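In: Make a model of this:
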Amino acid sequence: MPDIVTIITLVAFGVILIINLFVRVRVLQNYRILVKNQIEFDKEHMWDMSKLKAEILPKYPKFEKNIVAFVRGIQISRYCNFALVIIVSVFVFLLMFNK
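Out: Sure thing, here's the model as predicted:
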């Protein structure tokens, strides 16, 4: 049983790590576009989509797709990092107590 749980934990870790890397590449692509065009917004806009839509998107309608993709990518990356920490914690717990 511990071997199956370990394998499942390692597979889940690998899958989330690959998803996170893919999302980060996409975030960097959008970030480069936003920096190149001098589009700036605060971190409050990244966590509150209604505030982003009300204050930032009307200023830069041409870059709406890039702004939304960047913010969503950051949010997904944050959730992936949280999941990775949980999976690593579970894996360490399993290794410590299932000898």
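
In: At which residues are the helices of the chain located?
Out: Using DSSP state H, the helices of the chain run over 2-36, 43-47, 49-51, 64-97.

In: okay, the ones you listed in CSV with distance to P58 and mean neighbour count next?
Out: Every residue, glycine included, has its C-beta placed from N, CA and C. Shown next, in CSV, are these (distance: least, C-beta to C-beta, whole Å; neighbours: other C-beta atoms under 10 Å):
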stretch, distance to P58, mean neighbour count
helix 2-36, 16, 14
helix 43-47, 12, 14
helix 49-51, 12, 12
helix 64-97, 9, 15
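
In: is it possible to export the ones you listed to a markdown table including distance to L57 and mean pLDDT?
Out: Formatted as a markdown table, those follow (distance: least, C-beta to C-beta, whole Å; pLDDT from 0 to 100):
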| stretch | distance to L57 | mean pLDDT |
| --- | --- | --- |
| helix 2-36 | 13 | 87 |
| helix 43-47 | 9 | 87 |
| helix 49-51 | 10 | 90 |
| helix 64-97 | 5 | 87 |
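
In: In space, what's closest to the residue nearest the centre of the chain - neighbours in sequence excluded?
Out: Relative to the mean C-alpha position of the chain, the nearest C-alpha, by C-alpha atoms, centre = their mean, is the one of S77, at 0.9 Å. Nearest residue to S77, sequence neighbours excluded (C-beta to C-beta, 6 or more residues apart in numbering): V23, at 5.1 Å.

In: who touches the one you found in this structure?
Out: Residues in contact with V23 (C-beta atoms under 8 Å, 6 or more residues apart in numbering) are G73, I76, S77, C80.

In: what's the closest of those residues to M96?
Out: C80 (24.4 Å; C-beta to C-beta).

In: Confirm for me that that closest one is in contact with I19.
Out: Yes: the criterion here is C-beta atoms under 8 Å, and C80 meets it with I19 at 5.9 Å.

In: Roughly how far does the closest residue in space to V88 that isn't next to it in sequence sit from R78?
Out: Leaving aside its sequence neighbours, V88 sits nearest to F13 (C-beta to C-beta, 6+ apart; 6.9 Å). In this structure, F13 and R78 are 17 Å apart, going by C-beta to C-beta, to the nearest Å.
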